[in-house]
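A.B. asks: got a predicted structure plus its sequence, pasted below:
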Amino acid sequence: MAHDSGYYGQGVLIASFDAGVDNLGHPCFDSLRARGVRTYDFVNNDTNVADQSGQMGDGWHGTMTLSLVGGYRPGSLISPAFRSMYIIAKTENTDSETPLEEDNWIAAAEWADSLGADIITSSLGYLTMDNGSSHSYTWQWMNGDSCFITIGADLAVNKGIIVFNSAGNEGSHASRNTLGAPADGDSVIAVGSVTSTLVRSSFSSVGLSVDGRIKPDIMAMGSNNKFAGTGPGNTGYSNGSGTSFSCPMSAGVGAMILSANPDLDADAGERNIIHVS
C-alpha cells in the first residue's frame, strides 16, 4: 500500500471546493487543523466556511467530502491524503442552483492558483439551473468547451492544477450522457462510482461526452462510504453513497502519487500517468 511506503499526500496542497464545512472541529480533522488551513466563503464573501445564522448555504456536504480526502482518526477513518495541506472554498449555495455558483467556482480556482494549489477536489456538478436563471445546460452542452465552469476548470489545469470532479449521480441513459459540468472537461479527471464488488454504482453518471470522449475518466468506491458526521459538535461517523464521495478519495490518491513523484504536473502527458497509476 502507498501508506505503507510512506506516501500520505505530504508536500501537496489540496483545494476542496464544496458547500462549506459545518463541522471542521470533528476529531478526524484534528491533524488537518494543526497543520493550518486557509478558508474562504465565496457565497457570503468572508473567511468562515461554517454555517452562520442569516447566511446562505449549508455546509454538511463539505464536511463529508473533506473527511474522505484528508480525514485521519485511527480506528475510525484514515483517508488517502491525511498529511496534505488544505485550503477550503465554499462555492456552492445549497439554497439555490444558479450560474452564480459557476462564477464562485472559477473565483475559487483563481484563489487556489494564487496560493499554489496542486489539486482541486470538487464534488459539485451543474446542469439544470433554477427558473429565471440566465441559462441552464442540457446533456448536449457536455462537449468540454461550452459550459462556463468547464472552461474555468480546464484553464485551472492549464495553470498547473490537477482537477478532480464528480461525474454526477444521474445514472445511465440508453442514448445520451448524464454528466454535469465541469466533469465534461477534456482536462478534468471526472470520477465515477463503483460498489464494493467493483461494478458501476447504478447512480453513477456516464458518458460519452458529446465530442466522443470516454467519461468518467476513472472510478472509485462511492457506495456506502464512511465519513465524518455533520453538524457542530458531532464526533461520530455516517455512511452514504455518491460520486461526491468517490471524487475526494481519488483526489487523495492523486496527492499520494504527487508525494511519490513531486516532479509530475498537470499537463496532458503526465496527467495520463496519474490516470493509470
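C.D. replies: That came through fine.
A.B. asks: what is the end-to-end distance of stretch 112-120?
C.D. replies: Chord length of stretch 112-120, first to last residue, is 8 Å (C-alpha to C-alpha, to the nearest Å).
A.B. asks: can you list contacts of stretch 42-60?
C.D. replies: 18-24, 39-41, 62, 88-96, 101, 104, 107-108, 111, 230-232 (C-beta atoms under 8 Å, 6 or more residues apart in numbering). For every residue, glycine as well, the C-beta is placed using N, CA and C.
A.B. asks: got the residue ranges for the strands in the stretch 51-200 of the chain?
C.D. replies: For the stretch 51-200 of the chain, the strands defined by DSSP state E, counting those that start in this stretch cover 72-73, 77-78, 85-90, 119-122, 162-166, 189-194.
A.B. asks: please convert those to JSON lines, extending it with mean pLDDT, distance to Gln10 and mean neighbour count.
C.D. replies: Compiled in JSON lines, the strands of the stretch 51-200 of the chain are given as follows (pLDDT from 0 to 100; distance: least, C-beta to C-beta, whole Å; neighbours: other C-beta atoms under 10 Å):
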{"stretch": "strand 72-73", "mean pLDDT": "98", "distance to Gln10": "12", "mean neighbour count": "19"}
{"stretch": "strand 77-78", "mean pLDDT": "98", "distance to Gln10": "14", "mean neighbour count": "16"}
{"stretch": "strand 85-90", "mean pLDDT": "98", "distance to Gln10": "9", "mean neighbour count": "25"}
{"stretch": "strand 119-122", "mean pLDDT": "98", "distance to Gln10": "13", "mean neighbour count": "29"}
{"stretch": "strand 162-166", "mean pLDDT": "98", "distance to Gln10": "16", "mean neighbour count": "30"}
{"stretch": "strand 189-194", "mean pLDDT": "98", "distance to Gln10": "21", "mean neighbour count": "26"}
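A.B. asks: can you lay out those as a markdown table showing distance to Ser238?
C.D. replies: Below are the strands of the stretch 51-200 of the chain laid out as a markdown table (distance: least, C-beta to C-beta, whole Å):
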| stretch | distance to Ser238 |
| --- | --- |
| strand 72-73 | 14 |
| strand 77-78 | 11 |
| strand 85-90 | 20 |
| strand 119-122 | 19 |
| strand 162-166 | 18 |
| strand 189-194 | 17 |
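A.B. asks: figure out which of these is closest to Asn239.
C.D. replies: Asn239 lies closest to strand 77-78 among the strands of the stretch 51-200 of the chain, at 11.2 Å (C-beta to C-beta).
A.B. asks: what is that closest one packed up against?
C.D. replies: If you count contacts as 3 or more C-beta pairs under 8 Å, 6 or more residues apart in numbering; DSSP states H and E, strand 77-78 packs onto strand 225-228.
A.B. asks: give the pairing partners of the strand it packs on; include direction for each.
C.D. replies: Strand 225-228 pairs in its sheet with strand 237-240 (antiparallel), by DSSP bridges.
A.B. asks: tell me the mean pLDDT over the strand it pairs with?
C.D. replies: Averaged across strand 237-240, pLDDT comes to 98.
A.B. asks: quick one: the helix or strand following it to strand 162-166, angle?
C.D. replies: Heading C-terminal from strand 237-240, the first helix or strand you meet, by DSSP states H and E, is helix 243-260. In terms of direction (axes from the mean of the first three to the mean of the last three C-alpha atoms, to 10 degrees), helix 243-260 departs from strand 162-166 by 160 degrees.
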